[in-house]
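Enquirer: Please work out how this folds:
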Amino acid sequence: MSDVLSQSEIDNLLAALSSGELDADEIKNSNDVQVKNYDFARPSKFSKEHLRTLEIIFEHYSRLLATHLPAHLRKSIQVTVMNSEAITYSEFSNSLSNPVLLGIVNLEPLEGSIIIEMADVLGFAIIDRMLGGDGQPLDHNRNFTEIEIMIMERIFATLTELLVEPWRNVVEFRPQLVKIETNSQFAQIVSPSEMSSIVTMSVAIGDIDGMMNICLPYSVLEPVIEHLNTKFWYSNMQVKDANDYKDVIEIAISKAKVPIRAILGQSVISVNDFINLQKGDIIKLNTKIEDELDVYVGSIQKFKALPGAADDSYAVRIKSIIREE
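Expert: Numbers count the residues shown, from 1 in each chain. All right, here's what the predicted structure looks like:
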């Protein structure tokens, strides 16, 4: 119920209106209720916070791609997240051209699948590079052959495996590449009216540029949609102790293989003597039997040792360690 004005308040209001201090139309418009338009065909299920968090996740994903893909293609790769937007799945599928590479990925334990879409220019450049070429795309459009699709399955398998780490702060899932489609009509994973988030990334393979899109339907992300905010994402970031990295590095180094060689001695002979060497000939070295041998690790002298045997193999016994390099 509105407040009842006193007589003095009514007089002051009338005086203000007559003097021009207040405008009757302005008072009328101030009481109007602001109505926000709502499109039922495009329900706003993804907020700006959700889209921003998806960009952060896939920025991490793009850095992983730029690190791992050069191992397959032997060429520098740059991946940049362009933007993220919420559109219906029909709008996404209608924007695809044929042929196109669509990797359908299942995200267990989440129900449903997502799509990794790669432009055909990138697909043909990757195939050319993996078959020993310079990584140049085709001059004309054509469909992918069965052999080319099998080659791309290896790349899409890598793209799928790399999804785990960026999403670890939100959900632990086990992504699995289901299949690769080259026709968008056969990749109807959700209803056409389903809202989906599209994360667009720019991929540069040498001088070749192309787009890669990740389609994330709302029905797939609905169980974890509340976790798609920057506060939750940063709060769940695993802070790793420096000692953890130290242990990992020590384990990796301990498994590394390094060449070791023991130098019995040195000698100088003529080329003619070298050519005429026969089995049983004796070469005089500059060391004696009781002298210690120089043992090299790589190109660095690290040990002094005595020659010997172990079982049926030649061996050396370490006598001292050389600390200075």
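Enquirer: what stretches of the chain score poorly on pLDDT?
Expert: Where the chain drops to pLDDT under 70, the residues are 1-5, 19-44, 230-245, 248, 324-325.
Enquirer: hey, where'd the strands end up in it?
Expert: 77-88, 101-108, 113-118, 174-181, 195-205, 208-217, 260-263, 293-297, 300-310, 313-321 (DSSP state E).
Enquirer: Name the residues of the fifth one that come out as buried.
Expert: Of the residues in strand 195-205, those with enough neighbours to count as buried (16 or more other C-beta atoms under 10 Å) are 195-201, 203, 205. Heads up, the C-betas are built off the backbone N, CA and C, glycines and all.
Enquirer: How about the second one?
Expert: When burial is assessed from 16+ other C-beta under 10 Å, strand 101-108 yields the following buried residues: 101-107.
Enquirer: And for the fourth one?
Expert: Residues of strand 174-181 classed as buried: 175, 177, 180-181 (neighbour count, 16+ other C-beta under 10 Å).
Enquirer: Residues contacting it, please?
Expert: 101-109, 113, 149, 152-153, 156-157, 160-161, 163-164, 187 (C-beta atoms under 8 Å, 6 or more residues apart in numbering).
Enquirer: rerun at 6 Å
Expert: Contact partners of strand 174-181, identified using C-beta atoms under 6 Å, 6 or more residues apart in numbering, comprise 102-108, 149, 156-157, 160, 163, 187.
Enquirer: which two from those residues end up farthest apart in space?
Expert: 108 and 149 (23.6 Å; C-beta to C-beta).
Enquirer: what's the closest non-adjacent residue to residue 60?
Expert: residue 166 (4.1 Å; C-beta to C-beta, 6 or more residues apart in numbering).
Enquirer: any idea how far residue 51 is from the one you found?
Expert: 15 Å (C-beta to C-beta, to the nearest Å).
Enquirer: And for residue 60?
Expert: Distance of residue 60 to residue 51, given as C-beta to C-beta: 16 Å.
Enquirer: any chance of the buried residues of strand 174-181 in CSV, with distance to residue 287 too?
Expert: Formatted as CSV, the buried residues of strand 174-181 follow (distance: C-beta to C-beta, whole Å):
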residue, distance to residue 287
175, 61
177, 61
180, 64
181, 70
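Enquirer: returning to what we had before: closest to residue 217 out of the contacts of strand 174-181?
Expert: residue 107 (10.5 Å).
Enquirer: wait, the closest one sits on residue 173?
Expert: Yes - counting by C-beta atoms under 6 Å, residue 107 does reach residue 173; the two are 4.7 Å apart.
Enquirer: what are the ranges of the helices in this structure?
Expert: 7-19, 24-30, 48-73, 89-94, 120-130, 146-161, 164-167, 218-221, 230-235, 242-254, 271-275 (DSSP state H).
Enquirer: Residue 307: which of those is closest?
Expert: That would be, of the helices of the chain and by C-beta to C-beta, helix 271-275, which comes in at 23.6 Å.
Enquirer: Give me the buried positions along that closest one.
Expert: Of the residues in helix 271-275, none has enough neighbours to count as buried (16+ other C-beta under 10 Å).
Enquirer: Thank you, goodbye.
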